[in-house]
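Engineer: after the sequence you'll find the predicted model.
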Amino acid sequence: MIGFKYLFNKIQDVKLRDYLSFFPMVIAWIAKPLYRKKFQTVWLVCEEPKEARDNGYHFFKYMCLHQPQQKCVYAIKKKSVDYKKVAKLGEVVEYGSMLHWIAYFLCEYNISSQKGGKPNAPICSFMELNNYFHTCNIFLQHGVIVNNLKWLYSDCSKIDKFVTSTLPETEYIISRFGYPENSICLTGMPRFDALHKIQVISNRILIMPTWRYWFNLKSKRNKNTDNDFETSEYVRCWEELLVSPELERLINKYQLEVIFYPHRNMQNYIKTFEQLKTSVVIASWEKYDIQELLKSSAIMITDYSSVFFDMIYMKKPIIFYQFDEEKYRKYQYGEGYFDYHHNAFGNTYSSSDLVIKELEKMAVRGFKPSEDFLREHDCIFKYWDEKNSERIFKLLKEN
């Protein structure tokens, strides 16, 4: 059984809608014999409830277009802006509905880019970790792991197949996360299939910071962190960059298009940034597709977001802006194998002034990657092709 301390900690983040999910779950458990024929060989795919833009979507698209003999069902909220594009591909169920629960109970594989990619993450986690029920979970991942993510360790997760994308990442997970070695599968992420044959806008700069636990999760709040978003160091430092006269000078001098796209868990706070007087585009997730931004941008500025590996995959340079590294390491993610301060892909700075100076240096050379960058790229990626989804499909069919 999971320890009381762990349960108490997690229950702080449980919402009313999570408790209400108990009712469709019970009805689904009673009704599932009636749907056994419909769902027992199904591969159930999803991401976040309202999204179809990540590895789940790309894998589902591959299956519908290239492996139609294998029945797949995608779970997504009908109110999502992405619903129609998924429904055009194949069968969908309403995320969190009774039918989603039935499919979860009966499917051959539950496939998601999210650890919590299930009808209700808290309830399913409780059932799986306490061995009340277990489906076959295929974790496609949301990004290349670079940090010490203890919540993905085997004693906190019931993952049967754990997809990885780089050689260092694979070695790190095998050595640290506690899964049997045959559970870790170096195939590459499905969304990497779409990162070839791309059209880059040579003057487009993408700024994409990641989130902070302490703004979103009650269980992660701490008296030593600035929990009030509006007055936080996070807001102050990013605003400092976005409204900088020096950045404005670069935008005008080099005719740059700069787009600021906060992590989806920070999109609830986007109005704070929309009020700024800046020529930087403040991008909401409803209007901008993150993968299209990644593909079209020439360079990325981020803090710690692992999505920078998508840029590396496409051989595009990075600048790291890390103004709160000590706090981030203490209260969010512990340091992993990737050294932000000594790597071939991008330099790390703690002040916005230095970030802007580095950006100008890179603009002068046309945002081209260095020779060291390209050599390291060849060393860490076992696969650099459009067959990531295909490898995952073959892996699951042979399982």
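Structural biologist: Great, that's in hand.
Engineer: ranges for the strands of this structure?
Structural biologist: Secondary structure of the chain (DSSP state E): strands located at 43-46, 72-76, 91-94, 109-112, 137-139, 161-164, 184-186, 204-207, 257-260, 281-282, 299-302, 318-321, 346-349.
Engineer: would you turn these into CSV with mean neighbour count, distance to residue 251 and mean pLDDT?
Structural biologist: C-beta: built from backbone N, CA, C; applies to glycine. Conversion of the strands of the chain to CSV gives the following (neighbours: other C-beta atoms under 10 Å; distance: least, C-beta to C-beta, whole Å; pLDDT from 0 to 100):
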stretch, mean neighbour count, distance to residue 251, mean pLDDT
strand 43-46, 29, 39, 98
strand 72-76, 25, 37, 98
strand 91-94, 19, 41, 98
strand 109-112, 25, 39, 98
strand 137-139, 23, 40, 98
strand 161-164, 23, 38, 98
strand 184-186, 18, 40, 98
strand 204-207, 23, 9, 98
strand 257-260, 20, 6, 98
strand 281-282, 16, 11, 97
strand 299-302, 24, 13, 98
strand 318-321, 23, 15, 98
strand 346-349, 20, 19, 98
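Engineer: redo the ones you listed as CSV? Include distance to residue 288.
Structural biologist: CSV is the format used below for those (distance: least, C-beta to C-beta, whole Å):
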stretch, distance to residue 288
strand 43-46, 21
strand 72-76, 19
strand 91-94, 23
strand 109-112, 23
strand 137-139, 26
strand 161-164, 26
strand 184-186, 31
strand 204-207, 10
strand 257-260, 7
strand 281-282, 9
strand 299-302, 14
strand 318-321, 19
strand 346-349, 22
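Engineer: those: which one's closest to residue 266?
Structural biologist: Set against residue 266 and scored by C-beta to C-beta, the strands of the chain come closest in strand 257-260, at 10.9 Å.
Engineer: find the centremost residue of the chain, please.
Structural biologist: The centre of the chain sits closest to residue 142, judged by C-alpha atoms, centre = their mean, with a distance of 3.2 Å.
Engineer: list the contacts for it?
Structural biologist: Contacts were defined as C-beta atoms under 8 Å, 6 or more residues apart in numbering; by that measure residue 142 touches 54, 55, 113, 114, 306.
Engineer: ok, so of those residues, who is nearest residue 213?
Structural biologist: Comparing the contacts of residue 142 against residue 213 with C-beta to C-beta places residue 306 closest, at 15.1 Å.
Engineer: for that closest one, the count of nearby residues, please.
Structural biologist: 20 (other C-beta atoms under 10 Å).
Engineer: what's it in contact with, if anything?
Structural biologist: Counting by C-beta under 8 Å, 6+ apart, residue 306 touches 142, 143, 144, 145, 146, 147, 210.
Engineer: repeat for residue 146
Structural biologist: Under the contact definition (C-beta under 8 Å, 6+ apart), the residues listed for residue 146 are 169, 304, 306, 309, 336, 337, 338.
Engineer: out of the residues you listed, which end up buried?
Structural biologist: When the contacts of residue 146 are checked for burial by 16 or more other C-beta atoms under 10 Å, the buried set is 169, 304, 306, 309, 336, 338.
Engineer: follow-up on the earlier one: tell me which two of the contacts of residue 146 sit farthest apart.
Structural biologist: 169 and 304 (15.2 Å).
Engineer: run through the bridge partners of the closest residue to residue 161 other than its chain neighbours.
Structural biologist: Nearest non-adjacent residue to residue 161, counting by C-beta to C-beta, 6 or more residues apart in numbering: residue 138, 4.7 Å away. According to DSSP bridges, residue 111, residue 161 are recorded as the beta-bridge partners of residue 138.
Engineer: same question for the one 10 residues further on.
Structural biologist: Per DSSP bridges, residues listed as beta-bridge partners of residue 148: residue 334.
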